[in-house]
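Asks: I would like to see how this sequence folds:
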Amino acid sequence: MLGLFIYSMPGYLVKKLLGARPNTSMSWILNPVRVVCILAWRSYKFHCLGLLFLSLSLLFLLLLLYSMPGALSQKIVNAIG
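Replies: Numbering: from 1, shown residues only. Take a look at the predicted model:
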């Protein structure tokens, strides 16, 4: 009867076989790139968002200027013919 009781307790057998897990997480040591990204995001959140907005706006303007001559020439040709 004792054997069935041991298996019915959740996690009892796992703790006996594998031992207790540590309370601290090792991910801060094992993944330093993630740590740097988290710390940089906390400190420079608004700078990063501003840079992203500025780069997207600049990309939009460059695409607008790149496609403008073709669109203007097409309007001129279609207006004549």
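Asks: use CA for all of it now, contacts and neighbours both
Replies: Noted.
Asks: show me the shaky parts of this structure.
Replies: Counting by pLDDT under 70, the chain has low-confidence residues at 1-25, 27-28, 81.
Asks: quick one: the strands in it?
Replies: Counting by DSSP state E, no segments of the chain form strands.
Asks: just give me the longest helix of it.
Replies: In the chain, assigned by DSSP state H, the helix with the most residues is helix 45-80.
Asks: report the buried residues of that one.
Replies: Using 16 or more other C-alpha atoms under 10 Å as the burial criterion, none of the residues of helix 45-80 qualify.
Asks: quick one: list the elements packing against that helix.
Replies: Judged by 3 or more C-alpha pairs under 8 Å, 6 or more residues apart in numbering; DSSP states H and E, helix 45-80 is in contact with no other helix or strand.
Asks: just use 601 as the starting number from now, easier for me
Replies: With 601 as the first residue, the last one maps to helix 645-680.
Asks: now do residue 631 against residue 648, distance only.
Replies: Residue 631 sits 22 Å away from residue 648, going by C-alpha to C-alpha, to the nearest Å.
Asks: then residue 677?
Replies: Distance from residue 677 to residue 648, counting by C-alpha to C-alpha: 44 Å.
Asks: before we move on, what about residue 657?
Replies: Applying C-alpha to C-alpha, the value for residue 657 to residue 648 is 14 Å.
Asks: what does residue 626 give?
Replies: 28 Å.
Asks: for residue 635, same thing?
Replies: From residue 635 over to residue 648 (counting by C-alpha to C-alpha), the distance is 16 Å.
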